[in-house]
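Colleague: Let's see this in three dimensions:
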Amino acid sequence: MTATDTLLDQDGPDKVRLSIEEARALGEQACQRLGFSAEDARIITDQLVENALRGYRFASLPRILAIQGDERSKQARKPISIVKETPVSALVDGGNNVGYVAAYRAAEIAIAKARTSGMSVVSVYDSYYSGRNAYFTEMVVNAGFVCIHTASAKPRVLPPGGVRPALGTNPFCIGFPSKNGPVIYDIGTASLMWGEVLLHARLGEPLPDGVGFDEAGRPSTNADEVIKGGVIPFAGHKGYGLSFAIQALGLLGGAARARGLVQDYAFFFIAIDPAILLEEDEFEQQMAELVARIKATPKGKGVEEIRIPGERGARERKIRARQGIVFDRAVIEALRSI
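Modeller: Numbering: from 1, shown residues only. Below is the predicted model:
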């Protein structure tokens, strides 16, 4: 950090600032104490630190505590394996391994198959907690492919008119290679991601009004009560419809195979080599032009710039790499005490 830097994240008595190296070391140590191998601990922590660098507080090191508290982390694991395969597809049994690792392996398989076949469809089931979809999508995009990635999950989200959760938080992500680097669009279909609810509960912070409901279906800002109930979709019926479709894609990806439940986890990937449709580098050049044209749109009064999806996080990542990453002290202390 230079003397002229304005802090992106403020310090305080309830905060701890760590370098990238310190955050990685703490995360890997905590994961290994929970029983993960050194390799799996590295894979998990790399994602969590990357999320922190991009400003996703809930999706960073606090997720280790969520893994620790999940009943599935205490159950036996087996090696991740392909159970059904064609030249362009693979159905992967996650072996009850955490999704940070299982989805990572599925992304690797999707990349390998797309390289040989021009496209691929890969899904992994019998897993949980895969983190931020953009991380895996960027893996595939950096290999030169367009990527569509969805993640169905167990019920956390109330359908419109319902008083009990029926859908997962079910994020959707799509990414594109361009001459100027990956362009990634990543959204959760819930009004609030479940990791945010868990972090608010750990820190004793209230949730925003109108998004959370207790186990009786009554509105609540108390995160502990919302954990027993659920949250609503974003954008009303539009978010609900998209969430429903992602839950259905999870079934295509084997979600019900693990425990016989049609409302469960599956991490689904489609990778497409632009060269199967266009000339070499044609798509990447056109994507760069599309981004440039959108950013050049005339701006309204007081608007400094027009940003594209993912631009804020990528910009802030460079700043936090210099300044360090700020975490909640309660989270750091809990990780050190594992």
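Colleague: going forward, measure contacts and count neighbours with C-alpha atoms only.
Modeller: Fine.
Colleague: Now do the contacts for C31.
Modeller: C31 is in contact with 41, 45, 64, counting by C-alpha atoms under 8 Å, 6 or more residues apart in numbering.
Colleague: For the closest residue in space to the last one that isn't next to it in sequence, which three-state class applies?
Modeller: So that's I64. Leaving out its chain neighbours, the residue that sits closest to I64 by C-alpha to C-alpha, 6 or more residues apart in numbering is C31, at 7.0 Å. Under DSSP: H, G, I helix; E, B strand; the rest coil, C31 falls in the helix class.
Colleague: if I look at C31, how far off is A201?
Modeller: To A201, C31 is 21 Å away according to C-alpha to C-alpha, to the nearest Å.
Colleague: Of all the residues in the helix or strand of the chain with the lowest mean pLDDT, which ones are buried?
Modeller: Across the helices and strands of the chain, mean pLDDT, DSSP states H and E gives its lowest value to helix 194-203, namely a mean of 91. Neighbour-count burial for helix 194-203 flags 194-202 (criterion: 16 or more other C-alpha atoms under 10 Å).
Colleague: on contacts alone, who are the packing partners of that helix?
Modeller: Applying 3 or more C-alpha pairs under 8 Å, 6 or more residues apart in numbering; DSSP states H and E, one finds that helix 194-203 contacts helix 62-69, helix 223-228.
Colleague: What helices and strands are in contact with the following helix or strand past that helix?
Modeller: Following helix 194-203 in sequence order, the next helix or strand is strand 212-213 (DSSP states H and E). If you count contacts as 3+ C-alpha pairs under 8 Å, 6+ apart, strand 212-213 packs onto helix 223-228, strand 230-231.
Colleague: Which of the buried residues of helix 194-203 sits closest to E22?
Modeller: Closest approach between the buried residues of helix 194-203 and E22, by C-alpha to C-alpha: L199, at 21.1 Å.
Colleague: what ranges do the strands span in the stretch 51-200 of the chain?
Modeller: 81-86, 89-98, 119-128, 146-152, 172-176, 183-187 (DSSP state E, counting those that start in this stretch).
Colleague: can you list the ones you listed in JSON lines and add mean neighbour count, mean pLDDT and distance to A271?
Modeller: JSON lines is the format used below for the strands of the stretch 51-200 of the chain (neighbours: other C-alpha atoms under 10 Å; pLDDT from 0 to 100; distance: least, C-alpha to C-alpha, whole Å):
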{"stretch": "strand 81-86", "mean neighbour count": "12", "mean pLDDT": "98", "distance to A271": "15"}
{"stretch": "strand 89-98", "mean neighbour count": "23", "mean pLDDT": "98", "distance to A271": "10"}
{"stretch": "strand 119-128", "mean neighbour count": "28", "mean pLDDT": "98", "distance to A271": "5"}
{"stretch": "strand 146-152", "mean neighbour count": "28", "mean pLDDT": "98", "distance to A271": "5"}
{"stretch": "strand 172-176", "mean neighbour count": "23", "mean pLDDT": "98", "distance to A271": "10"}
{"stretch": "strand 183-187", "mean neighbour count": "20", "mean pLDDT": "97", "distance to A271": "14"}
